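**Q** Fold the following for me, if possible:
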Amino acid sequence: MTDLVHMLAGELSLEAAQVGNALQLQEEGGTIPFIARYRKERTGEMTETQLRALFDRYRELKDLQQRKVTVVRTIDGQGKLTGELKAVIDACLTRHELEDLYLPFKPKKRTRATVAKEKGLGGLADLIRSLNSPDVTEADLAGEAGKYLSEEKGVATAQDALSGAAHILAEEVAQKAEHRAFLRDHILNEGVFVSTIREKFPPESTKFEMYRDYRAPVKGIQPHNVLALRRGERSGVLQVSVAVNEELILSHLESNEIFSGAEAVREFYRTMLRDAYHRLMKDPLTNEIRAAKKELADRESIRTFEANLRDVLLAPPAGMKPTIGIDPGFRSGCKLVVLDSAGQLIEQTTIYPHGAQEKREGASAVLKDLLEKHCIELVAIGNGTASRETEEFVGEVVTGMEMKPVKVLVNKSGAAVYSAGKAAKEEFPGLEGTVRAAISIGRRLQDPLAELVKIEPKSIGVGQYQHDVDQKLLRRRLGETVQSCVNYVGVNLNTATGQLLRYVAGFNGAIAASIVAHRDKNGPFTNRDQLRDVPQMSPKTFEQAAGFLRIRDGDNPLDNTAVHPESYEIARRILSDAGIDIRDIGKRPGLLKGLDLQPYVTGEVGEPTLRDIVHELQRPGRDPRKEFKYATFKEGVKEIKDLAAGMDLEGVITNVTNFGAFVDIGVHHDGLVHVSQLADRYVADPKAVVRVGQVVKVRILEINESLKRISLTMKGLNPRPKKPKKKPLKQKKEERSYTIEDLKSKFNTR
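**A** The predicted structure follows:
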């Protein structure tokens with residue numbers, strides 16, 4: 001354990017104490033949100049991202065250690081373990097390096113080499129190996145091979161015997177760790193991905209045209225290109241290979257394997273080495289590299305998905321206000337629901353604003369009546385089919401109203417998945433799926449986080465190649481992202497659904513359901529301590545979750561803050577010393593400004609926690625999400641045919657990828673701002689410039705109506721955000737290492 005702690009500290013640029021404490025907290029049942037928020041003194045203020053990277057790498061090294069034990073035991077059982085070999089195995093830092101060392105000792109299936117040994121040709125191989133010496137200047141290989149002829153064993157000619165011996169030696173060469181390391185390094189650093197489209201597909205007939213005659217260095221290929229190549233190959237459209245300098249590789253093998261002065265032996269070895277490379281090394285190592293690039297591409301794609309998902313989940317809420325949610329449609333009409341300020345369904349109906357004039361007038365009357373009757377403040381319109389037409393219709397209806405509601409186009413990705421799911425059916429068993437979708441659309445505007453946690457994250461529609469990446473890793477990462485967002489915002493214990501509660505640190509589905517059942521039976525919670533009475537609520541679970549739960553208008557005002565119950569005594573001391581009544585927290589924040597924290601420092605509570613406590617006492621119950629904003633689409637622009645090059649528009653970012661950002665400009669087809677058009681400066685990572693949900697100004701560069709492609713630019717149209725204040729040097733050092741793939745080389749070839 002101690003060795004691993006120091007190794008991890010070095011890799012992650014952290015102190016050993018930070019690493020050791022974080023690992024101990026996790027071992028004790030600590031969750032990442034809890035450790036990051038409430039154990040800052042012990043971890044040196046490590047962020048959630050750093051903690052995840054640490055725990056992932058620790059798990060990987062533990063697995064590697066266990067594998068080393070198995071490898072050493074197997075080799076020792078064969079009587080072939082030496083002190084030198086064990087030392088090399090113990091020093092391995094990657095799985096690939098370990099497996100290379102283990103390969104010669106690994107129990108094998110029947111190969112050409114094992115067949116040759118069964119035929120008694122091991123002795124001939126040993127002889128030829130002994131002739132591979134600078135001292136040997138002449139050799140009669142055919143004559144020596146003739147001594148091993150056997151009709152019974154199927155060795156009819158000298159050439160048969162030499163071929164068998166060559167298979168034995170080729171397998172030995174192919175299993176040498178140093179050769180595999182060289183070839184792996186060469187493919188990784190000098191190899192080139194090459195792709196072509198199969199002949200049966202004529203030009204411009206597939207979506208993989210850019211890969212028709214494509215070449216990209218293995219070392220520098222972009223993650224999205226890797227995933228696209230694999231998708232095209234899997235669909236039967238692309239032929240993909242990796243080109244390498246085979247002459248250089250063979251030259252390397254020859255210079256490291258051929259030593260004999262006898263030309264016959266040298267020629268034998270040249271032929272054998274070509275066979276070893278082409279038959280036993282080329283494809284396995286190329287496939288290994290391709291798999292490794294796929295793994296890295298998966299991680300990068302998932303990392304982008306995580307960032308986009310976080311932006312969607314933390315989108316500013318419009319607020320819990322009376323809302324109308326509309327799932328628009330032409331022939332089937334618009335499903336319309338009325339939600340109260342708690343998101344509960346009051347009324348639902350269907351209107352037909354896009355049909356005959358008579359139906360449009362009737363729809364107008366119904367909508368206006370509902371707007372006035374329920375004092376509607378928000379109108380949420382699902383994007384997609386008939387969305388702009390419906391938005392225009394709503395605009396006409398509210399014209400002239402004294403109190404105009406805010407109308408917003410809401411991204412409805414995943415609403416259909418939710419409406420057909422178990423949770424929606426249980427909450428609204430008697431409603432059609434389209435009505436449930438309209439409810440989801442309305443609630444997404446009121447509070448995106450509370451509604452979107454009900455949907456499987458990958459159905460929200462902000463990923464790239466999400467069906468091509470490692471699905472197990474994707475589910476885990478997205479689940480962690482949802483949990484992080486839920487705990488960052490905090491959860492109202494008395495209004496949260498079971499779907500939301502299950503993401504609270506320390507909770508699971510069973511505990512969430514138990515809380516809801518307890519709340520339904522006993523009424524609202526009036527203090528956090530009452531959670532201890534909930535079945536399945538252990539002391540550890542309470543410790544992990546309590547600080548992330550909020551109780552408004554309860555017995556204790558501190559229960560509506562992120563101050564953990566374990567810190568209530570210190571919080572009361574701070575308030576008392578500042579002359580603030582606990583019932584007045586948040587009303588006189590100036591009294592706590594510049595407070596000297598040293599008198600409150602203890603062995604367990606340091607300045608980081610005290611700063612958090614004071615911040616909460618200044619702004620209790622604060623929603624950390626940003627101010628609500630929405631895009632205003634240009635009037636008269638509803639379809640792609642309404643666009644023209646040079647037109648300036650306002651839109652909202654719907655997805656961010658490695659090559660740019662997609663923007664909804666209100667024409668049913670998102671436009672693309674290529675990474676080169678995101679700003680007036682060089683942009684290496686689009687995520688550093690834009691985020692999903694951001695309202696931006698764009699200009700039309702080019703339109704391809706037949707392919708439904710819209711090219712946009714943001715250059716010179718959006719003010720550059722102010723740079724954040726620089727963090728202390730130590731914090732900058734910690735923030736350098738975020739993910740496993742950023743912390744270590746994929747291949748340690750030594």
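**Q** worst-scoring helix or strand of this structure, pLDDT-wise?
**A** Lowest on mean pLDDT, DSSP states H and E among the helices and strands of the chain sits helix 729-735, with a mean of 39.
**Q** I'd say I221 and L296 touch.
**A** No - taking contacts as CB atoms under 8 Å, I221 lies outside contact range of L296: 9.8 Å. To be clear about C-beta, it is placed using only N, CA and C from the backbone, and glycine gets the same treatment.
**Q** Against P565, how distant is Q544?
**A** Distance of Q544 to P565, computed by CB to CB, to the nearest Å: 12 Å.
**Q** okay, the two: which has more neighbours?
**A** Shown here are Q544 and P565; by other CB atoms under 10 Å, Q544 has more neighbours (22 against 18).
**Q** Surely that one is in a helix?
**A** Yes - applying DSSP: H, G, I helix; E, B strand; the rest coil, one finds Q544 inside a helix.
**Q** Just give the closest residue to it, not the sequence neighbours.
**A** Spatial nearest neighbour of Q544, excluding adjacent residues (CB to CB, 6 or more residues apart in numbering): G506 at 2.9 Å.
**Q** returning to what we had before: so I221 and L296 - more neighbours on which side?
**A** More crowded of I221 and L296, by other CB under 10 Å: I221, with 19 against 15.
**Q** Identify the nearest residue to that one in space, disregarding sequence-adjacent positions?
**A** F193 (5.6 Å).
**Q** who does the helix or strand that neighbour falls within pair up with?
**A** Using DSSP states H and E, F193 sits in strand 192-197. The pairing partners recorded for strand 192-197 under DSSP bridges are strand 213-217 (antiparallel), strand 238-243 (antiparallel).
**Q** buried residues in the longest one?
**A** Neighbour-count burial for strand 238-243, with 16 or more other CB atoms under 10 Å as criterion, is recorded at 238, 240, 242.
**Q** do the same with stretch 21-35
**A** Residues of stretch 21-35 classed as buried by neighbour count (16+ other CB under 10 Å): 21-23, 25-26, 30-35.
**Q** Now distance to D447, secondary structure and pLDDT too, for those, in a markdown table please.
**A** As requested, those are exported to a markdown table (distance: CB to CB, whole Å; DSSP: H, G, I helix; E, B strand; the rest coil; pLDDT from 0 to 100):
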| residue | distance to D447 | secondary structure | pLDDT |
| --- | --- | --- | --- |
| N21 | 36 | helix | 95 |
| A22 | 32 | helix | 96 |
| L23 | 36 | helix | 96 |
| L25 | 31 | helix | 97 |
| Q26 | 31 | helix | 96 |
| G30 | 28 | coil | 96 |
| T31 | 23 | coil | 97 |
| I32 | 24 | helix | 97 |
| P33 | 19 | helix | 97 |
| F34 | 23 | helix | 98 |
| I35 | 27 | helix | 97 |
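**Q** so which of those comes closest to V397?
**A** Closest approach between the buried residues of stretch 21-35 and V397, by CB to CB: P33, at 44.2 Å.
**Q** How much space separates the closest one from T47?
**A** Counting by CB to CB - P33 and T47 are separated by 11 Å.
**Q** do the same with Y102
**A** Relative to T47, Y102 is positioned 37 Å away (CB to CB).
**Q** out of those two, which sits in the busier spot?
**A** Y102 (20 against 15).
**Q** Can you say which helix or strand has that one in it?
**A** helix 95-102.
**Q** any idea of the mean pLDDT in that helix?
**A** Averaging pLDDT along helix 95-102 yields 91.
**Q** Which element is encountered next along the chain beyond it?
**A** Per DSSP H and E, helix 95-102 leads on to helix 112-118 as the next helix or strand towards the C-terminus.
**Q** Check the offset of the helix or strand just after that following helix from the chain's centre.
**A** Per DSSP H and E, the first helix or strand lying C-terminal to helix 112-118 is helix 122-131. Centroid separation between helix 122-131 and its chain, computed with CA atoms, centre = their mean, to the nearest Å, is 53 Å.
**Q** Please apply the same query to stretch 118-138.
**A** That offset, for stretch 118-138, works out to 54 Å (CA atoms, centre = their mean).
**Q** Can you mark which positions in it are buried?
**A** Along stretch 118-138, these residues count as buried under the neighbour rule (16+ other CB under 10 Å): 119, 121-122, 124-125, 127-129, 131-132.
**Q** pull the longest helix from the protein.
**A** The longest helix of the chain (DSSP state H) is helix 282-313.
**Q** which one is L61 nearest to, not counting chain neighbours?
**A** L4 (5.6 Å).
**Q** Might one say that the one you found is in contact with K62?
**A** Yes - in this structure L4 lies within contact range of K62 using CB under 8 Å: 7.5 Å.
**Q** Same drill for the two, tell me which one is more crowded.
**A** L4 (17 against 12).
**Q** L169 versus the more buried one, what's the distance?
**A** From L4 to L169 the distance is 40 Å (CB to CB).
**Q** For the residue lying closest to R552 once chain neighbours are set aside, list the residues it contacts.
**A** Excluding the flanking residues, the one nearest R552 by CB to CB, 6+ apart is N560, at 5.3 Å. Listed by CB atoms under 8 Å, 6 or more residues apart in numbering, the contact partners of N560 are 550-554, 620-621.
**Q** Over to K407: give its phi and psi.
**A** Main-chain dihedrals, K407, degrees, to the nearest 10: phi -110, psi 130.
**Q** unless I'm mixing things up, it is touching V397, no?
**A** No - the pair K407 / V397 is not scored as a contact, 9.6 Å apart, by CB under 8 Å.
**Q** Determine the three-state secondary structure at L431.
**A** coil.
**Q** Poorly predicted segments of the stretch 151-300 of the chain, please.
**A** Nowhere does the stretch 151-300 of the chain drop to pLDDT under 70.
**Q** scratch that, the chain is what I was asking about
**A** By pLDDT under 70, the low-scoring segments of the chain are 1, 721-750.
**Q** Show me how it divides into domains.
**A** What automatic domain parsing lists as the domains of the chain is 2-105, 112-308, 323-446, 640-713.
**Q** Need these in TSV (columns: distance to A631).
**A** Output for the domains of the chain, formatted as TSV (distance: least, CB to CB, whole Å):
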stretch	distance to A631
domain 2-105	30
domain 112-308	17
domain 323-446	7
domain 640-713	4
